[in-house]
Structures are given as C-alpha cells and as structure tokens.
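# starting from these lines, generate the structure:
(one chain, ligands or ions: 1)
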Amino acid sequence: MSDSPAGSPRLTRRPEWAALEDHRTDALPQPDLRQLFEADPGRAERYVVRVGDLRIDYSKHLVTDETLALLQELAAATDVFGLRDAMFRGERINTTENRAVLHTALRAPRDAVVEVDGENVVPGVHAVLDRMAAFADRVRSGEWTGHTGKRIRNVVNIGIGGSDLGPAMAYEALRPFTDRSLTFRFVSNVDGSDLHEAVRDLDPAETLFIVASKTFTTIETITNATSARSWLLAGLGGDEKAVARHFVALSTNAEKVAGFGIDVDNMFEFWDWVGGRYSYDSAIGLSLMIAIGPDRFREMLDGFRIVDEHFRNAPAEANAPLIMGLLGIWYGNFHDAQSHAVLPYSHYLSKFTAYLQQLDMESNGKSVDRDGNAVEWETGPVVWGTPGTNGQHAYYQLIHQGTKLIPADLIGFARPVAELSDDLKAQHDLLMANLFAQGQALAFGKTADEVRAEGVPEEQVPHRTFRGNHPTTTILATELTPSVLGQLVALYEHKVFVQGAVWNIDSFDQWGVELGKVLAKRVEPALTEGADVPGLDPSTAALVAAYRNLREV
Ligand code: F6P
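Purely as a prediction, here's the structure:
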C-alpha cells in the first residue's frame, strides 16, 4: 500500500510506530505493575491528571515514562493537535460528508466567535438554547397545556441512536436534579412494544411527544412518531389540531418536519456540523432540559466547556483526552486488546456505557483511512460494560482470570447523591471500596506464593492465583452533578477524537449503518406482502419464508 497522497507515511511505517513496537518487544513478556510501583512509587501521584472536577488516575497502566514519551511522539507525528485545532476552527474535517465538526460550538459562551464558512454560529446556538429554555420553563410551570387545557405531566422523547441515547443517558444520570412531578420516557425501538410500554399508562391529554431526529428521515423514529400521533388522536377524539399542542420536533430538516405535520414554530433546530452522537447538548437535549431545567442544563454545558478548553490548551503531557486516547492505542495496537470496558460505580450512570458505545464505535469503527486506503492497523475497540458492582458478580471473572487483555475505566464519586436517606448514604463507602478493591486486584493480582501462604491446597493454587497486570484508569469526581456529567462526556468525546486522529480515519461519518437500512426497506415487502425480492440470497429468502409460515401457524 502506498503512502498517502499528502505525502505523509502510512501510520505503521512511521519511525514513531516502530519505536513503540520495539519498546513493547523489549518489555516482553510484559511490564509488571508490582515491579513498576516498587521501582517508582511516585507514579501513584505523577500519573494523575486533573481536569475540572475530575481526577484521572492512570498509574495502574502497563506504561513507564518512556512508553508515555513514545506515545506522545506518535501523537505529535500524526499531528493530533493540528487536527484538533482545525476542528475547533470549524474546518470541514468530516471529509466524506464535507462537513465541519463543531459540537464544541454548542457549549461556547455567548460572546465566542466560531465561524463556519465565514459565519459566526454562536449566536444561532444561543438563540436556540434560549427558545428551548423558554419552552422548557412553560412546560415545567404548567403554562404550556395540552389540547384539552390540561397541563403536561408526561414527556416522551422519540428518537434513535444519538437522538435517544444522549438524552436517555443524561436523564438517568441526573435524576436527582429532575422535576419528579413529571414522567419521562424514551422510545427508540421500531419494535412496537417499546412505544406500547411507554404510553400504556399515560393520559394523552397530559402527554408531550418530542420527535428527535437530525435528518427527520430515520424510519424507526418516523414510524414511532406516526404511531404516537395515532395514539394521541385516538385518545383525544381525532381533532388534528391537537398535534400542535402535543408534538414538537428537534431537527436540522424543517421541510421534513413540516411534511410530517409538526408546526415549524414548534421545531428546535440544530445544524449539519453537529454529529448525531455528539448532539445531546444541542436541541436534542430538550427532554433533558425540561427534566432538569434550563439553569442545570447550562451548568452541564459549562462542564463540557471546561474539558473543551482543557483539551485545546493543556500541554500534551497533561492533556487528559490525549493521554486516555494514547493509552487505548497502546493496548489496541501494541497488545492486541480488542475491547475496552467502562465500569461506572454509580447506578445513575447505568446508561453511560451504552451511550459511549455509539460515541466510540460509530466514530472509530472504520477500516479505511481518510484517503480511502484499507488500514493496516487496528482501529476502534469494542466498548462495553455496566455498573461496576453488578458486573463484579457477572463478567469480572473473565477480566480477572480469562485469557483476554481488557483495559477498563472505573468511574466513581466521592459523595452519594444528596437526597438519599442516611442509611443509604452509608452504603456509599462500601460501593467505593468495591471500586478501589477491583482496581487493586486487577493491577496486582495474587501470586501463587501468596495463595499458598493462605494454606490453600496445592492442587487449587493455580485456580486461585490472579496474574494481575490488568490495566485500569480510575476517574474520580466529587459528585455526579450536571457539570460533572458534561465533563465526563466531553472527556470521552475528545478521547475518541484523539484515537481517530492517530489512526487517520474519519471519526465523524457512519456509512457502515447504511447498508442494513437499505436492505431492511427492500426486504420489508417480502414480509408484509410476500413480494418477490429480486436478488435476495438463499439463506435470507429461507428465513423470510420460515417467518411467514410461522406467523400463519
Ligand atoms: O444509524 C445511524 C444514525 O445516523 C446515527 O448516527 C444517528 O444518531 C441516528 O442514526 C439517528 O439519526 P437521526 O437523528 O437523523 O434520526
């Protein structure tokens, strides 16, 4: 494969890459965390970076100062900061879609100037935020009523992917800050049972639907929104005028919104320079803003901004997203790690990893570089995980004693949420003790001699030995506030950016989801009408026939 047309060498041909490979081979079988800490206890304090309210400890990684320096050289050689600056400047770094990538403008202060094609986009961002705030206040205060004059008690967000995962995750994360007198539901799946369960106990007269879709063409969302409209009209006597009081839209596509029958006065817009998976701090966050109120929403945006500014200004060796991205590259590209676990020790973050799956895997699940050449290096990892203590009693066994290397992030908070009873608050130390214990066990394990010293019979020693050396990052914050949530999300957004920049891939397109969408549309008539689908492969044709037969039984 030739070098890129721009003349820069392919990633794996760079001397900085070779240096990392040599460094890895020199350290074989692999660096040992016990030895690393023995030789350099100071790494516990030195390998910590602080950003806003986050304390990010990466001392339990299989790295030395030399590893980190070599990784930094790779970042410099691949000009990660150059691409970062181009992103913040509004250049069209999403080359396959010819778009700027400016989710950072969504949290820019009012007086900032961020230009796309010579136009400052910041006033538009704040105009929409102000409209959202006015609307959210009207719903929260009861001033915005439904068609029959009843106040809105239920808010149902209909969207999928970035138009669902972000608001749903953040609503869950910030529940203690939400108006508990309102009910929030999030519908995404085209499986009709999702909408059915979401609305079955709701009064249509008190229900507001927020149809969230950047393109307003996504079949799942439009199908669910159409069904929701039928449910509403059936419940309110069929008067079409009801739609205007019970449906609002979040989109970049005013024409399609109007075509669907939603008044564009009830549309909150965003722009093509906001990717779906980077959009919940745009109008897509309206349901969240209604839940937590405009002030809290703005605190969250401030949190995002703290990390944006850090990513933009902190020196490389103290730049948290850069360090986290490079550590992932160290394992994915030089240690054959295939996945990355994100394990929050907070029940409120139960949807955080699912959110990160789209952020990371839709961004960096690519196998051609920016020039269209097949990559000869691993790209994005499989991201997975659930809240930590539950995982401990399910899949941690494999992390501790399985054959795979699984780097993990452990996320915890110093304080439990304020509204818990004293008894429940007292459980927090136990929760956090689990986080710290897991980090310790994963890093340092338990040697055969230590197991023997406990009097364990010899034949059981291998089974009860932990080899350790499983790398973790521990992210600790004081409390899960709106600002801290914004900081966490921005941290991962920029980490994903760093990795895409090093791998020289376009992290902002998602062509890989298109084929399935096209084929689903083509196959559907075979299911509904038994139509012949030209070119249907024999395996799928047999499945369709079996489905139709079973359905008739
Ligand atoms: O399936 C891919 C995708 O385009 C995501 O990137 C996006 O977040 C999701 O679909 C929903 O898209 P939309 O907001 O346009 O309905």
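# quick one: average pLDDT of whichever strand or helix holds residue 259?
Assigned by DSSP states H and E, residue 259 belongs to helix 254-260. Per-residue pLDDT over helix 254-260 has a mean of 93.
# mind giving me the packing neighbours of it?
For helix 254-260, the packing partners by 3 or more Cβ pairs under 8 Å, 6 or more residues apart in numbering; DSSP states H and E come out as strand 247-251, strand 267-269. The way it works is simple: take the backbone N, C-alpha and C, and place the C-beta from them, glycine included.
# adding mean pLDDT, mean neighbour count and distance to residue 403, write the ones you listed out as TSV.
Formatted as TSV, those follow (pLDDT from 0 to 100; neighbours: other Cβ atoms under 10 Å; distance: least, Cβ to Cβ, whole Å):
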stretch	mean pLDDT	mean neighbour count	distance to residue 403
strand 247-251	97	26	45
strand 267-269	97	20	49
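# spell out which parts of the stretch 301-450 of the chain neighbour the ligand.
residue 362 (Cβ under 6 Å from any ligand atom).
# burial of the nearest residue to residue 530 once chain neighbours are set aside, as a residue count?
In space, and not counting its chain neighbours, residue 530 is closest to residue 548: 6.4 Å by Cβ to Cβ, 6 or more residues apart in numbering. If you count neighbours by other Cβ atoms under 10 Å, residue 548 ends up with 13.
# tell me which helix or strand residue 548 sits in.
Element membership of residue 548, judged by DSSP H and E, is helix 538-552.
# and if you look at residue 69?
helix 65-77.
# need the contact partners of that helix.
The contact list for helix 65-77, computed with Cβ atoms under 8 Å, 6 or more residues apart in numbering, reads 14-17, 19-20, 23, 31, 63, 81, 316-317, 322-323, 325-327, 329-330, 498, 502.
# what is whichever helix or strand comes after that helix packed up against?
Following helix 65-77 in sequence order, the next helix or strand is helix 80-88 (DSSP H and E). Here helix 80-88 touches helix 294-313, helix 482-503, going by 3+ Cβ pairs under 8 Å, 6+ apart.
# quick check: residues of this protein near the ligand?
Checking the chain against the ligand by Cβ under 6 Å from any ligand atom, the hits are 160-163, 213-215, 218, 221, 276-277, 362, 510, 513.
# could you redo the last one with a cut-off of 8 Å?
With the criterion set to Cβ under 8 Å from any ligand atom, the chain comes near the ligand through 159-165, 212-218, 220-221, 251, 275-277, 279, 284, 358, 362, 510, 513, 517.
# got a list of what the residue of the stretch 251-400 of the chain found nearest the ligand touches?
Nearest residue of the stretch 251-400 of the chain to the ligand (Cβ to the nearest ligand atom) works out as residue 276 at 2.5 Å. The contact partners of residue 276, by Cβ under 8 Å, 6+ apart, come to 161, 162, 163, 214, 510.
# the closest residue to residue 336 other than its chain neighbours and residue 475, how far apart?
Spatial nearest neighbour of residue 336, excluding adjacent residues (Cβ to Cβ, 6+ apart): residue 405 at 7.1 Å. Residue 405 sits 20 Å away from residue 475, going by Cβ to Cβ, to the nearest Å.
# select, out of the helices and strands packed on helix 254-260, the one closest to residue 374.
Closest approach to residue 374 among those (Cβ to Cβ): strand 247-251, 35.3 Å.
# hmm, who's touching that closest one?
So strand 247-251 is contacted by 135, 159, 163, 208-216, 225, 228-229, 232, 257, 260-262, 266-270, 282-284, 286 (Cβ under 8 Å, 6+ apart).
# list the strands paired with it, with their directions.
Sheet pairing here is set by DSSP bridges, and for strand 247-251 it gives strand 207-212 (parallel), strand 267-269 (parallel).
# average model confidence for the longest one?
Spelled out, it's strand 207-212. 98.
# now find how far off-centre that strand is within its chain.
22 Å (Cα atoms, centre = their mean, to the nearest Å).
# what does stretch 233-242 rub up against?
146, 147, 148, 203, 204, 205, 232, 243, 246, 261.
# what packs against the helix holding residue 548?
helix 514-528.
# got the buried residues for the helix it packs on?
Under the neighbour-count criterion of 16 or more other Cβ atoms under 10 Å, helix 514-528 has 523, 526 buried.
# then stretch 456-470?
461, 465, 466, 468, 469, 470.
# who's in contact with the helix or strand containing residue 129?
Assigned by DSSP H and E, residue 129 belongs to helix 122-141. By Cβ under 8 Å, 6+ apart, the residues outside helix 122-141 that reach it are 105-106, 108-114, 143-144, 152, 155, 179, 182, 208, 248, 268-271, 282-283, 285-286, 289-290, 293-294, 297-298.
# note down every partner strand of the helix or strand just after it and its orientation.
Elements were assigned by DSSP H and E; along the chain past helix 122-141, the next helix or strand is strand 154-158. According to DSSP bridges, strand 154-158 forms sheet pairs with strand 183-187 (parallel), strand 207-212 (parallel).
# same question for strand 154-158, mean pLDDT?
Here the average pLDDT along strand 154-158 is 98.
# what angle do it and helix 122-141 make?
Going by axes from the mean of the first three to the mean of the last three Cα atoms, to 10 degrees, strand 154-158 is angled at 140 degrees with respect to helix 122-141.
# send me whichever helix or strand comes after strand 154-158 as PDB with only the CA atoms.
Scanning forward in sequence from strand 154-158 by DSSP H and E, the next helix or strand is helix 165-173. The C-alpha coordinates for helix 165-173 follow below in PDB (Å, rounded to 0.1, in the frame of the first residue of the first chain):
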ATOM      1  CA  LEU A 165     -29.000   7.600  23.800                       C
ATOM      2  CA  GLY A 166     -27.700  11.000  24.900                       C
ATOM      3  CA  PRO A 167     -30.900  12.400  26.400                       C
ATOM      4  CA  ALA A 168     -31.900   9.000  27.900                       C
ATOM      5  CA  MET A 169     -28.400   8.500  29.400                       C
ATOM      6  CA  ALA A 170     -28.300  12.100  30.800                       C
ATOM      7  CA  TYR A 171     -31.800  11.900  32.200                       C
ATOM      8  CA  GLU A 172     -30.900   8.800  34.100                       C
ATOM      9  CA  ALA A 173     -27.600  10.300  35.300                       C
END
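# for helix 165-173, packing partners?
For helix 165-173, where contacts count as 3+ Cβ pairs under 8 Å, 6+ apart, the packed elements are strand 183-187, helix 286-292, helix 352-357.
# could you rerun that using 10 Å?
strand 154-158, strand 183-187, strand 207-212, helix 286-292, helix 294-313, helix 352-357, helix 482-503 (3 or more Cβ pairs under 10 Å, 6 or more residues apart in numbering; DSSP states H and E).
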